[in-house]
Structure formats: structure tokens, C-alpha cells
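> Everything below, folded, please.
(one chain, ligands or ions: 1)
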Amino acid sequence: VAQVAAAPTISAAGAHDATDGHRAHGHLWMHFGDLASYDAGGVPVIVRGEGAHVYDREGRKYFDGLSALYCVNVGYGRQRIADAISEQISQLSYFPIWQAVNPTTEALAERIASLAPGDLNRVFLTSGGSESVESAWKLVRQYHAVRGNATKTGIISRTDAYHGTSMGALSITGIKSLQEPFLPLVPGVRNAQTVDAYHADEDPRAHALACADDVLRIIERDGAENIGAVIVEPVQNSGGCLVADPVYFARLREICDQHDLLLVSDETICSWGRLGDWFGCTVFGYQPDIITTAKGLTSAYIPMGAMIASERIAQTLVDAGQRFSHGYTFGGHPVAAAAALENIAILEEEELLEAARTRGEVFRDALEELRAIPIVGDVRGRALFQAIEMVADQASRTALTEGQLATLYGRLPKELFERGLICRAMNRGGPAIQFAPPLVSSVDDLRRAAAILGEALTEASRDVL
Ligand SMILES: Cc1ncc(COP(=O)(O)O)c(C=O)c1O
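Residues are numbered from 1 along each chain as shown. Model (predicted):
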């Protein structure tokens, strides 16, 4: 069970046996992978993608209910993006944005700023989510230092939240098991209680306010002079699509303003249509000072992330005559920028934000029907970001025992994969099956995915409970 908790992937290892002997054995270091079991057992080899589906080396087709890793929002195999990439490479394959700029990267920054809410006008491009979070924490520190508050170095994140793996981002991450092998962490991070309405005994609004008050309690305990920011996801991924009542974010905004803290919205997953809008914060009606993003920005055709900061923060540095002495060789890569621009054009032209909302509703309705299965405790999420939490008893919300979890996770991920469904089985906070399908998934695909899950959970319910 612990391994499942740590594994961020489809957890389908074991679907292929050792005899398939693919070339990478003994050489490729899989990310978050267990090298021993990789070498011993083999893993699927995915060779092709089209629309909302991927195909393995044997030609088997899978519905990618996770968009790879919450990334491929416009689906696989987009010739338009390939053409944009190719054209950019012919024109200018790369030039750093350290002392010069290029038109494609400039156009992307302008496009992102035009879509981002409020005065979030300054776009710092990175290569992924961890770099974006890392950049945000550094900017928070410099912003406060420039204004004479050099001790406001700390940051409040939430329990169980995942914010990345570089040392700063890992320190912000609220998952102890991921941190343990790499101690000591960067000091200054406090974890506030995450919103988990399903397990709370009060109503969702009261629970959300109590969780916001936990942030306030930490600020009052440790001193606002030591804390520079609060970082939250619009819908917390880790724990299985934890959704907060909007009052939570409104209250966080107030608390941040009262105590001179910046509010960082980590939208590595929750932007670019995933929740039915360009950015997740607008779905819940709050205005952050910084958005961090990645994944769906390019639909993962090429790696790219961004930290989008308010004009006010940028201007504070400019007025103080300071530069942000931070950057990455590949930040703002023109080829990635070309892919991102084309990806954004597709999201807009094909009205995929709207599709995420409407198809999200269809999918949610289909998942809601699974509540009839005894092991299904909760169904939650927004648009095309949904999860099911599993329990031993629906009425009392009693958790599955370690033994039941071991049985469940020993079979469920593999069974779903063998039935052609990619999704994510996680056990952080509570055991959940999670979906983030491409925004181009058809209604049939989504209903079929729910049906496959239903069959597997019905069998699991019978055998495990
Ligand atoms: C909310 C959030 N922040 C940060 C990250 C880290 O992103 P990356 O893996 O691109 O570094 C992730 C990755 O899943 C994430 O979900």
C-alpha cells in the first residue's frame, strides 16, 4: 500500500511480464519508479497516441483517463502543434531569454497575460511545475525583502498537497513520505489543514472556514513577520480532487491581505481548461498574486511551465532597481512557446473549456451512479478533474483496513489497465481513483470509462469488503 501511495503513475506496473524484455531494462531510471520491481517485472511500453487514446507496443488501445499526467488537454497527435514546432525550429530553434528575446516567446507571454485574471501580467517561463513553484517562492522572498521585510521567508502550504520535487518545491509539498529520503528540507514551510469536506463532520462551508482559520492560527502563532505567502491548488490533486467551498479562498484572500502575505495559486494541473476555465482560481472566484502552471500549457507536446506574477510585484522590484536573479537555460524556449501558442489556439477555437464543463457534467453523472456500489464513499471534483474515494462502509465513512487496501491496490489498477482504462489509484488522505481525461474525450469514452470502473469496483466490493 505504501508503494501505491508513493507511486504517482497509473500504477499499472506488472501488466506486462518480464519476458517481454524491452530495451530499457537496466538503464532507464523511471521517475518515482521502483528500480528493483522494474528490472524484475517489466512495464507497459506506450508507442502511440491519438485523440484521447494511447496504444501499447502490442497494439492494445487504452482510454487515457489521466491525460498522461494531467497534461494532454487537447489530446494526442495534433498535426497543428507538430507544424508549429517544426516551423519554429526552422526559424529559430533556440536562443536564451537572458539578454535577448524572440517574437514567439514574447507573443506567448502576451497571450498568457491576456488570459490571466486581474493584474497578473508578468510571465516568467520555466520548464515545468516544480520550477514554477520554486520560482514563486524565490520571488515571494525577494518581494518582501525589497520592501524591508527580509524575515518574511516562510510559506504556508497544506497537508498532503503535492507541489513538486526540487528542494524548495519538495519542502513546500505536504507529503512526509516523499520528503523523508531527502531531509533536511528548506526551512520555513508550515502545513495548514487541507480542505477535506467528505471526512469533515461539519457542513462544507463551515469546514472551509475552519481550514482557513487554521492558516490564520499558524500566522498568529509564528508571526506574520516570518511568513511571506500561502500556496494552494484550486482543487487539491493529492488526496483525490479535494474541492473547497469558494468561501475558503475568499477568506484566504482576506487573511493574506491583512497580514501582507502573497496568495499563490498552484495551477500546475488546474489551468488550461482542466476545471472548465483558463485558470482554476476564476472557477472559485479568487484573485491570487501569483499563479504557477505547467502541464496543459503545452498539452505536454514539449515541456513548459510558467509563473505568472502581478504587475504590482514586478513593479516593486523595478522601483527598487532590482532584478530577479533567477532563471533557467530552457526558460521561455521558443519551440515550447510555439507549441503553447498553438495549444492555446486549439483550446479556444474548439471551445474546449466549455467542453470540459459540459462533458465534465456527463462524466460526473456517470460516476455518481457508482455510489450504488458499497465500496464507493465519495464522488467529487470539478469539470474534467474527478475522483472516487473508497471506504469500507458508506454510512459511517469507515476507512478500509490495511489488509483491504492491500488487496484492493494489489488488483484494481492492473484490472483497470487490462480493461483499457488508464486512471490513477492513489492513497493519500484516503484511497481514491482519479480521472483527468483529455478535454477532447467523447461522451461515449467518458461513459465507457465510468462503466469499466463500475464493473471493477463491483467485483472489488464483493471480494474486499
Ligand atoms: C500542483 C502541482 N504542483 C507542482 C507539480 C510539479 O510539476 P512538475 O512535475 O512538472 O515539476 C505538480 C506535478 O504534478 C503538481 O501537480
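> Would you report the backbone torsion angles of the residue lying closest to Arg382 once chain neighbours are set aside?
Computed as C-beta to C-beta, 6 or more residues apart in numbering, the closest residue to Arg382 that is not its neighbour in sequence is Leu275, at 4.7 Å. Placement of C-beta: from N, CA and C, glycine included. In terms of degrees, to the nearest 10, the main-chain angles of Leu275 are phi -100, psi 10.
> now do the one 4 residues further on
For Phe279, the backbone dihedrals are phi -130, psi 150 (criterion: degrees, to the nearest 10).
> what's the distance between the closest residue to it other than its chain neighbours and Thr293?
Nearest-residue entry for Phe279: Ser271, 4.8 Å, with adjacent residues in sequence omitted and distances by C-beta to C-beta, 6+ apart. To Thr293, Ser271 is 5 Å away according to C-beta to C-beta, to the nearest Å.
> Spell out which residues are contacts of both of the two.
Phe279 (C-beta atoms under 8 Å, 6 or more residues apart in numbering).
> hey, where'd the helices end up in the stretch 151-300 of the chain?
167-172, 176-179, 204-222, 247-258, 280-283 (DSSP state H, counting those that start in this stretch).
> For the second one, enumerate the helices and strands it packs against.
It refers to helix 176-179. helix 2-6, helix 167-172 (3 or more C-beta pairs under 8 Å, 6 or more residues apart in numbering; DSSP states H and E).
> so what's Leu317 up against?
142-143, 146, 323-324.
> okay, now whichever residue of the chain sits closest to the ligand: neighbour count?
Of all residues in the chain, Gly129 sits closest to the ligand, with a separation of 2.1 Å (C-beta to the nearest ligand atom). Neighbours of Gly129 under the rule other C-beta atoms under 10 Å: 27.
> hang on, it packs against Tyr162?
No - applying C-beta atoms under 8 Å as the test, Gly129 and Tyr162 come out as separate, 9.1 Å apart.
> Just want the most central residue of this protein.
In the chain, the residue lying closest to the centroid (C-alpha atoms, centre = their mean) is Ile269, at 3.2 Å.
> so it makes contact with Asn237?
Yes - assessed by C-beta under 8 Å, Ile269 is found in contact with Asn237 at 5.4 Å.
> what residues are shared contacts of those two?
Tyr70.
> Checking the nearest residue to Val443 once chain neighbours are set aside next. Helix, strand or coil?
Leaving aside its chain neighbours, Val443 sits nearest to Val362 (5.3 Å; criterion: C-beta to C-beta, 6+ apart). Put simply, Val362 is helix when judged by DSSP: H, G, I helix; E, B strand; the rest coil.
> list the contacts for Val362?
443, 446-447.
> can you check Leu384 too?
273-274, 276, 356, 359-360, 363, 435-437, 439, 441.
> hmm, back to that, contacts only, for the residue nearest to the centre of the chain.
Ile269 neighbours (C-beta under 8 Å, 6+ apart): 70, 233, 235, 237, 295-296, 385, 436.
> give me that answer again for 10 Å
67, 69-71, 129, 162, 233-237, 241, 275, 280, 293-296, 385, 436 (C-beta atoms under 10 Å, 6 or more residues apart in numbering).
> Give the PyMOL command for selecting the buried subset of the contacts of Leu317.
If you want just the buried ones from these in PyMOL, going by 16 or more other C-beta atoms under 10 Å, the selection is:
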select buried, resi 142+143+146+324
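> Tell me the residues of this protein that contact the ligand?
Contact residues (C-beta under 6 Å from any ligand atom) of the chain with the ligand: 128-130, 133, 162-164, 233, 237, 266, 268-269, 294.
> sorry, back to before: just send the helices of the stretch 151-300 of the chain back as CSV, with mean neighbour count and mean pLDDT too.
Converted to CSV, the helices of the stretch 151-300 of the chain look like this (neighbours: other C-beta atoms under 10 Å; pLDDT from 0 to 100):
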stretch, mean neighbour count, mean pLDDT
helix 167-172, 23, 98
helix 176-179, 14, 96
helix 204-222, 17, 98
helix 247-258, 18, 98
helix 280-283, 24, 98
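> Between the ones you listed, which one is closest to His31.
Nearest to His31 among the helices of the stretch 151-300 of the chain is helix 176-179 (12.3 Å), distances taken as C-beta to C-beta.
> Just give the number of residues close to the closest residue to Pro303 other than its chain neighbours.
What sits nearest to Pro303 in space, not counting adjacent residues and going by C-beta to C-beta, 6+ apart, is Ser127, at 5.0 Å. Neighbour count for Ser127, taken as other C-beta under 10 Å: 19.
> Just the pLDDT for the residue lying farthest from the centre of the chain.
Distance from the C-alpha centroid of the chain peaks at Gly321, with 34.9 Å (C-alpha atoms, centre = their mean). pLDDT, Gly321: 98.
> Assign a three-state SS to it, would you?
Applying three-state DSSP: Gly321 is coil.
> Quick one: residues contacting it.
Gly321 neighbours (C-beta under 10 Å, 6+ apart): Val146.
> Number the residues from 381 up from this point.
Right, with 381 as the first residue, what we last looked at is Gly701.
> phi, psi of it?
Taking degrees, to the nearest 10 as the convention, Gly701 sits at phi 70, psi 30.
> roughly how far apart are it and Gln695?
Relative to Gln695, and taking C-beta to C-beta, Gly701 is found at 12 Å.
> burial of Asp583, as a residue count?
10.
> So it is in contact with Val627, correct?
No - contact status for Asp583 versus Val627: not in contact, 11.0 Å apart, counting by C-beta atoms under 10 Å.
> Kindly state the pLDDT recorded for Ser841?
The model's pLDDT for Ser841 equals 94.
> Now it: phi and psi?
According to degrees, to the nearest 10, Ser841 has phi -60, psi -50.
> correct me, but it touches Met770?
Yes - with contacts counted by C-beta under 10 Å, Ser841 reaches Met770, the gap being 8.8 Å.
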